[in-house]
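Asks: Give me a 3D structure for the following:
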Amino acid sequence: MLRKLLIAAVLATLVSTTVASAAGRRHVHSQQVSISTTQLMPGVTYTREVDFTAAGPVVLDVVTIPKPDGTVYSLAPVLSNETLTGTETLTHIEQRVGSAATTVGIDGDYFSKASGQPSGILMRGGVLDSQPNPARTSLGIAPDGTLNIGQVAYTGTWQGSAGLRPVSLNTRTGKFTLFTPSFGTATPAESNVTEIVFSSFPATHPSQALDGTVAQVAATGGQRIPQGGAVLVARGSANSAQLKAEAPVGQTVEVRLTLTPDWSGLASAIGGGPLLVKKGKAVFSDGESFLPGELNSREARGAIGQTADGHILLVTVEGASPAYSVGLSSYELAVQMVKLGATTAIGLGSGGPAGLAFNGSLLTRPSGTSEAPVSDALVLSYSGVYASPVAPVLSPNGDGVSDTETFSYRVVRPSTVTETLTGPGGATVQLGSGAEQPGVYTLTWNGESGTGTTLEPEGSWTFTVTATDDRHVTTTAQRAFSLDDTLASLTLSLGSRGVPTANFTLTRQASITLRVERPNGIPLATLKTPTEQPGPVHMTWKWFTGKRAPAGRYQLRVQATSSVGVSSLVAGFSFSGH
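Replies: The predicted structure follows:
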């Protein structure tokens, strides 16, 4: 057994192995549906559904997560580049925050293409960064993981030596605007403005009195926003005169930011829209400020919903290509959310930015030639132990293929870890235990018993890693595989016309399926055979001739189904077409 600490960054490559572990086909309302599901991390599944509709194929990607508890599972918005201006790809956002968690992310709010600023509310850790768009639905997340969905109004005021004055938050419009460090390093370079600088200013929690003392008065825009401070801007001559008179250097200014309904008790919030599901029913229109074309066009879209039992659904429909996925309208997506069990749901950004990612790699296919940037994102962070997918079969028969199984897991906090294998008849192999620092670890197993003298029983096995971290929180991750020596030593020989013959060995009676595939796994032909007896087997695909197959590269997959389970081997070959 080998244990090796790897650089944490390699975890980003593990998503490439999250291939569908279960697949099926069904027919719903005369539509053929292909569904595959895999586990991303403990309690979190990813389902990819392809519906073949009259309008064309529709690809739906669904991540289902437990109700976020704020301890092991946390769901919160993340701002691109940590500022309201500019954009960043979803995968890069995940890579930034992924050092402290295993993550799944979905695109967030609509945003200005010119500035990158989100269109609606953004609240992180109870601090308001961007005010809501009252004409569109917003999403709030309570500390217990309950989603609050509705239209939210904003009122802001500031008061110096005189009466209350209106104030907006981190916007380029309005008579007066309060700019905080979340906007960026400096205020916009506007003309005909007066700016007062607070070297120290409270975090902008809504429904609280926020007091700051004026440290500087400036007659130009583009002032530096101090970290831990803020800048109040007045636009136009009359408003500038008012600000100078009521907020001179040394004056205490009170700012109050109010949300209606009162969302000050929520952990976070993000903009989006429109409302998709209300009380378990799809919403066709809620009168929000979207153009008909924005709602009715078939395109890529994102959404988030919650089921009756509290589970969160992160959903993306891919688009818009008639050859791959035509996308959905807003109402069609709402119908899909109801089918998935959502009792409440809201739309997120649509078009190119719509996407889902896992640990810094896309789960979805970009709408364009490359991944589009976003203004903000919703990110699920899992702080427990994570085990990467494993090879489905371990066959330690010395043929050089799958002779060892590799297990890889990650902890993001200092933890006490145990790694165990359990198999048929209660068989147990203790791989190790001890204290681990944050990082990615690997172990290998060759199928032998703990004493290293005999092979463990063949059949279904489970790798289990349990970690208790420095918060005394215990989590467990598992991956299943099989120990199966039924199939070994596959080689191919080609006849004079390129006809492939599969040569392999069986250790027990098994039924065999041969499949010719393209190198990418797309099947071209399948042949099932009667039960074969133990020993050397030679099977020739006699009809595979130049008349039936063009020249090119292929692979032959041999699958053996026995009393132990299902195992397979693959060998590639080239066909000249002569």
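
Asks: quick one: the helices in the stretch 251-400 of the chain?
Replies: Taking DSSP state H, counting those that start in this stretch as the test, the helices found in the stretch 251-400 of the chain are 292-296, 330-339.

Asks: ranking these by mean pLDDT, which is last?
Replies: Among these, helix 292-296 carries the lowest mean pLDDT, at a mean of 94.

Asks: low pLDDT regions in the stretch 201-350 of the chain?
Replies: By pLDDT under 70, the stretch 201-350 of the chain contains no weakly predicted segment.

Asks: Where do the strands of it begin and end?
Replies: 209-218, 230-235, 252-260, 268-271, 275-278, 281-282, 301-307, 312-317, 342-350 (DSSP state E, counting those that start in this stretch).

Asks: who's in contact with the last one?
Replies: Identification of contacts with strand 342-350 by C-beta atoms under 8 Å, 6 or more residues apart in numbering yields 106-111, 137-139, 147, 149, 272-280, 294, 299-308, 313, 330, 333-334, 337, 354, 374, 378. For the C-beta atoms, the positions are set from N, CA and C on the backbone; glycine is no exception.

Asks: ChimeraX command to pick out the buried ones of the residues you listed?
Replies: Buried residues within the contacts of strand 342-350, by 16 or more other C-beta atoms under 10 Å, are selected in ChimeraX with:
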select :106,107,108,109,110,111,137,138,139,147,149,272,273,274,275,276,277,278,294,299,300,301,302,303,304,305,306,307,313,330,333,334,337,354,374,378
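
Asks: so how many other residues sit close to the residue nearest to Tyr110 when sequence neighbours are not counted?
Replies: Of all residues not flanking Tyr110 in the chain, Ser119 sits nearest, at 4.4 Å (C-beta to C-beta, 6 or more residues apart in numbering). Counted with other C-beta atoms under 10 Å, the neighbours of Ser119 add up to 19.

Asks: try Thr454
Replies: 10.

Asks: Contacts only, for it.
Replies: Counted by C-beta under 8 Å, 6+ apart, Thr454 has contacts Glu448.

Asks: per-residue confidence at Asp144?
Replies: 95.

Asks: Can you tell me the centre-most residue of this protein?
Replies: The centre of the chain sits closest to Val104, judged by C-alpha atoms, centre = their mean, with a distance of 2.8 Å.

Asks: Adjacent strands (with direction) for the helix or strand harbouring Leu443?
Replies: In this assignment (DSSP states H and E), Leu443 forms part of strand 439-445. Take DSSP bridges as the rule and strand 439-445 pairs in its sheet with strand 3-6 (antiparallel), strand 405-411 (antiparallel).

Asks: Low-confidence stretches in the protein?
Replies: 1-32, 450-453, 495-498, 541-549, 575-578.

Asks: In space, what's closest to Ser80 - neighbours in sequence excluded?
Replies: Nearest to Ser80 is Glu88, by C-beta to C-beta, 6+ apart, at 3.6 Å.

Asks: check contacts around the one you found.
Replies: Neighbouring residues of Glu88 by C-beta under 8 Å, 6+ apart: 80-81, 373-374.
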